[in-house]
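Asks: Give me a model of this one.
(one chain, ligands or ions: 2)
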Amino acid sequence: MTSSPDAAEALDLSVVIPVYNESENIPILLEKLLPVLAGCAASFEIIFVDDGSRDDTYLQLAKAHAHEPRVKALALSRNFGKEIAIAAGLDYARGAATVIMDADLQHPPEMIETFVSFWRQGYKNVYGQRTDRTADSRLRRLLTQRFYKLFESFGETPLPEGAGDFRLLDAQAVAALRAMREQARFSKGLYAWIGFKSIGVPFDVAPRVYGSSKFSYRKLTRFALDGLMSFSNAPLKVWSYIGTFISGMALASAVYFVGETMLFGVDVPGFASLIVSVTFLAGIQLLSLGILGEYIGRIFAEVKRRPLYLVGDELGLSARLADDPVANRKRSEAS
Ligand code: UDP
Ligand code: MG
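Replies: Ligands and ions are numbered 1, 2, ... in the order given. Predicted coordinates:
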């Protein structure tokens with residue numbers, strides 16, 4: 001690879017940062033991040049993925065790029081959501097390792113030094129582990145906790161506790177993620193699913209510097225559903241058990257009623273119980289149809305085979321690695 005015309009190929013470290021309306025945070029973040037990277041990598045790039053921001057985030061990125069060409073940017077054509085913005089960034093990341101982090105300084109840049117030192121020891125999936133979630137609201141913490149309990153009990157892919165997007169991935173792990181083009185992306189599940197030699201590094205989540213969380217409860221609910229549905233078939237399967245149980249009960253009661261009628265004659269029929277059982281069953285059926293619908297909707301999204309995202313504009317980036325399996329192979333061989 002010595003005669004490679006593309007000097008960018010020999011990059012040590014890439015940092016992928018999804019941004020959505022983060023214009024105030026960008027300069028402060030860069031001020032902290034650049035010295036850290038200079039201290040722990042021979043060469044690096046920072047790839048900001050502008051996820052359809054409505055403020056002047058992209059303008060800030062252009063300024064930063066003019067000032068420091070190692071700051072690069074990708075603007076998606078609209079807001080695709082953080083998960084897809086990360087996937088887009090990974091498609092362009094050329095580093096022998098890639099760090100993923102948030103732009104709001106909730107992920108302390110200094111941690112990258114520790115990540116890199118673990119990577120040099122041979123770990124390929126080094127994740128930050130939140131020690132506390134006090135930066136989040138009470139309700140969000142409660143719901144998050146419930147969600148992870150639920151995810152665990154359906155348990156097809158165990159998630160390490162407190163692990164999120166803040167992490168370092170070796171090029172080999174990045175190539176693995178790049179190969180997964182699913183639309184309903186639950187990155188935390190994907191990071192766990194790919195495996196590789198992993199280690200958690202505890203860190204404290206600072207409060208957001210500017211602005212507020214870009215995740216409404218509605219967005220979080222969708223995200224939680226995506227996570228459960230793409231990593232578990234349990235919600236689909238549980239209905240056959242419930243259905244069998246309910247039908248069994250219905251059959252038993254039918255036998256009972258036949259016997260009762262034969263022995264004691266016809267009673268005045270109880271409308272109340274009839275109505276209750278009919279509506280109960282109708283409810284169960286609608287619910288199970290809804291669950292099927294959730295899965296079918298996701299299947300539909302996948303079979304359309306649309307691209308994950310569309311790029312509107314870019315600054316300083318070379319070709320997308322996702323379209324180039326040979327480049328992917330080279331990268332992982334190089335590491
Ligand atoms: N983000 C994004 N697209 C979105 C929502 C968020 O790229 O649709 C980015 C956001 O700019 C930030 C990161 O994802 O860099 C984390 O978002 P946020 O801080 O709002 O999430 P929280 O910390 O509340 O989980
Ligand atoms: Mg945040």
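
Asks: Tell me which residues are up against the host helix or strand of Q129.
Replies: Secondary structure assigned from DSSP states H and E places Q129 in strand 125-130. Strand 125-130 has contacts (C-beta atoms under 8 Å, 6 or more residues apart in numbering) with 107, 111, 115, 118-119, 160-164, 166-170, 173, 191, 194-205. In this view, the C-beta of every residue, glycine as well, is placed from N, C-alpha and C.

Asks: Just the buried subset of those, please.
Replies: Buried subset of the contacts of strand 125-130 (neighbour count, 16 or more other C-beta atoms under 10 Å): 107, 111, 115, 118-119, 162-164, 166-170, 173, 191, 194, 198-201, 203, 205.

Asks: gap between the strand holding Q129 and the chain center?
Replies: Computed by C-alpha atoms, centre = their mean, to the nearest Å, the chain-centroid distance of strand 125-130 equals 14 Å.

Asks: Is ligand 1 within reach of the helix or strand that it is followed by?
Replies: Scanning forward in sequence from strand 125-130 by DSSP H and E, the next helix or strand is helix 138-154. No. Using C-beta under 6 Å from any ligand atom, helix 138-154 never reaches ligand 1; the gap is at least 8.0 Å.

Asks: Give the buried residues for helix 138-154.
Replies: Buried, per 16+ other C-beta under 10 Å, within helix 138-154: 143, 147-148, 150-151.

Asks: so after it, what's the next helix or strand?
Replies: Heading C-terminal from helix 138-154 (DSSP H and E), you reach strand 163-170.

Asks: is ligand 1 contacted by that next one?
Replies: No. For strand 163-170, no contact with ligand 1 is found by C-beta under 6 Å from any ligand atom; the gap never falls below 7.7 Å.

Asks: Which strands or helices does the next helix or strand after that strand pack on?
Replies: Per DSSP H and E, strand 163-170 leads on to helix 171-178 as the next helix or strand towards the C-terminus. Using 3 or more C-beta pairs under 8 Å, 6 or more residues apart in numbering; DSSP states H and E as the contact test, the elements touching helix 171-178 are helix 82-92, strand 97-100, helix 187-194, helix 325-334.

Asks: What is the neighbour count of Y295?
Replies: 14 (other C-beta atoms under 10 Å).

Asks: residues touching it, list them.
Replies: Neighbour list for Y295: 229, 236 [criterion: C-beta under 8 Å, 6+ apart].
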